[in-house]
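Q: what follows is a predicted structure for the sequence shown.
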Amino acid sequence: MKQQQPRAVVIGGGIGGLAAAIGLHESGWSVTVLERAASLEPVGAGIGLAPNGQRALDILGLGDRVRALAAWQGDGGIRARSGRWLVRTSAAEAEAAYGGSLVMLHRATLVDLLVSALPGEALRTGTRARLADPGAANRPAVVITDDGDIEADLVVGADGINSAVRTALFPAHPQPVYAGFTAWRLVVPAPDEPFVPHETWGRGGVWGTHPLRDGRVYAYATARLPEGGRAHDTEKAELERRFADWHDPIPGLIAAARSEDILRNDVRHLTTPLAAYHRGRVALVGDAAHAMAPSLGQGGNQAIEDAVVLAHHMTPGAEPTADPIADPTPGLAAYSAARVPRTTEIVRRAARAARLTHLDSAPLVAVRDTLVSTATRLGPNFIVRGFSSIADWRPPQAPYAAGTTTGAPERSTEATVREPAQR
């Protein structure tokens, strides 16, 4: 008798949840994604996909499409507030070390591509969902929605940093804490003068500038501030007060922004790591499992990694059991074993990087900048070294298990390819 197709329910329609749904669908699962928002309207911000994230997207069949729509970042580096280069990074060096380079695209573009890879009826927006029972080897998990209860062979908690699924699984675990700084994000038209992608380290704050493929620029800024603060007038005015005297093109990018399009969020991270990313028949992915500071640009990349590793261990025959789909718990244990050590270390490295970039003592900032600049002149690029064991990750699925690397993205900077959505 033909085995019934197992059912997976994904709670949360962000990048990690959508990627997990695609991976599970490709692995033979019937998938439903429950998103409480009425529609998927990604925030007006960019996302950098490092070689590790691109390889994960290759497994989902989306890597080439992403690279075709993304802006290849090329050479870049780190600058001081004055504009002096502290570190120059080489795309060729990154490709040699990691087998690829950073690409940048709008989050809406990535979400649109992920949605397009799902079965037509898989995504249900405007649907509140709550985990009622995580299930066990001998019983299904249960998810409650306004339309009734759903029994599932597998539930994926992809509901973000404030994850209700995580709290239901591990109610005594400490919640994410404030990282000590707030962040602004904006997408604006590119300046007339060409620029090199860069991140600028100042005193108690950071600015980043990266081109998108469609002729716009994604910029972000961070600053050490008390938690919960807001500008007394507008966020644009707040950026002007803090960054308008930094080097070009920063003042012009702020001037080009509309205040209502500037996003501001306090940065929080999960500093106490979970011992496992599963319980019963439920797995956590992305920020629900390991919320991290954005200092390494790995939040979205790690969520996509989670998705393909979870799908790998949920594939029929992936685990040494008589019926691995009927009882997914051995595969979930393998998923936790694969992901907890890696993501815990990246969360810690991101926190250390955030402390370094947000020093607010002028003497310490001067020492930091001197040491960073000197270290780069005396040896291999410390930025490249800092991403060792992160960007060179390979998925467990073939062909990457055999050591094959993804090709370098197309290097064209022409804005001839339009994004699927302009939001």
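A: All right, it came through fine.
Q: from residue 279, how far out is the closest residue to residue 278 other than its chain neighbours?
A: Spatial nearest neighbour of residue 278, excluding adjacent residues (C-beta to C-beta, 6 or more residues apart in numbering): residue 332 at 3.9 Å. All C-beta spots, glycine's among them, are computed from the backbone N, C-alpha and C. Noted for residue 332: a distance of 8 Å to residue 279, by C-beta to C-beta, to the nearest Å.
Q: one step back: please list all residues in contact with the residue nearest to residue 278.
A: Taking C-beta atoms under 8 Å, 6 or more residues apart in numbering, we find residue 332 in contact with 278, 281-283, 313.
Q: try it again at 10 Å.
A: Residues near residue 332 by C-beta atoms under 10 Å, 6 or more residues apart in numbering: 154, 276-283, 310, 313-314, 319.
Q: looking at those, which is nearest residue 234?
A: If you rank those by distance to residue 234 using C-beta to C-beta, residue 277 comes first, at 40.0 Å.
Q: flag the least confident of the contacts of residue 332.
A: For these, the weakest pLDDT value sits at residue 319, with 52.
Q: starting from residue 59, give me the distance back to residue 18.
A: Going from residue 18 to residue 59 by C-beta to C-beta gives 14 Å.
Q: got it, and residue 8?
A: Separation of residue 8 from residue 59 (C-beta to C-beta) stands at 17 Å.
Q: ok, the two, which is more surrounded?
A: residue 8 (29 against 25; other C-beta atoms under 10 Å).
Q: so the more buried one makes contact with residue 156?
A: Yes - counting by C-beta atoms under 10 Å, residue 8 touches residue 156, with 6.5 Å between them.
Q: sorry, back to before: figure out the helix or strand that the residue nearest to residue 278 lives in.
A: Using DSSP states H and E, the element containing residue 332 is helix 329-357.
Q: check residue 93 too.
A: Residue 93 belongs to helix 91-98, assigned by DSSP H and E.
Q: tell me the contacts of the residue sitting nearest the centre point of the chain?
A: Central residue of the chain (C-alpha atoms, centre = their mean): residue 300, 1.1 Å from the mean position. When contacts are counted by C-beta under 10 Å, 6+ apart, residue 300 touches 14-16, 19, 47-50, 53, 107, 110, 286-287, 294.
Q: cool, residue 287 as well?
A: 12, 14-16, 158-163, 166, 176, 268-270, 299-300, 302-303.
Q: quick check, pLDDT for it.
A: At residue 287, the model reports a pLDDT of 98.
Q: mind listing the helices for this structure?
A: Assigned by DSSP state H, the chain shows helices spanning 15-26, 51-59, 63-69, 91-98, 107-116, 164-169, 235-243, 250-256, 287-290, 299-313, 329-357, 362-378, 382-386.
Q: okay, buried residues for stretch 139-159 please.
A: For stretch 139-159, a neighbour-count test (16 or more other C-beta atoms under 10 Å) marks 140-143, 145, 150, 152-159 as buried.
Q: turn the residues you listed into CSV, including distance to residue 123.
A: As requested, these are exported to CSV (distance: C-beta to C-beta, whole Å):
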residue, distance to residue 123
140, 22
141, 20
142, 21
143, 15
145, 14
150, 15
152, 16
153, 19
154, 17
155, 16
156, 14
157, 17
158, 13
159, 15
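Q: re earlier: buried members of the contacts of residue 287 into PyMOL, please.
A: In PyMOL syntax, the buried subset of those is picked out as below (16+ other C-beta under 10 Å):
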select buried, resi 12+14+15+16+158+159+160+161+163+166+176+268+269+270+299+300+302+303
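Q: returning to what we had before: quick one: which of the contacts of residue 332 is nearest residue 90?
A: For the contacts of residue 332, the nearest to residue 90 is residue 310 (34.3 Å; C-beta to C-beta).
Q: contacts only, for that closest one.
A: 8, 16, 19-20, 23-24, 27, 154, 156, 277-278, 283-285, 328, 331-332, 334-336, 338-339.
Q: tally of neighbours for the closest residue to residue 239 other than its chain neighbours?
A: Counting by C-beta to C-beta, 6+ apart, residue 239 lies nearest to residue 254, which is 4.9 Å off, once chain neighbours are set aside. A count of neighbours around residue 254, defined by other C-beta under 10 Å, yields 24.
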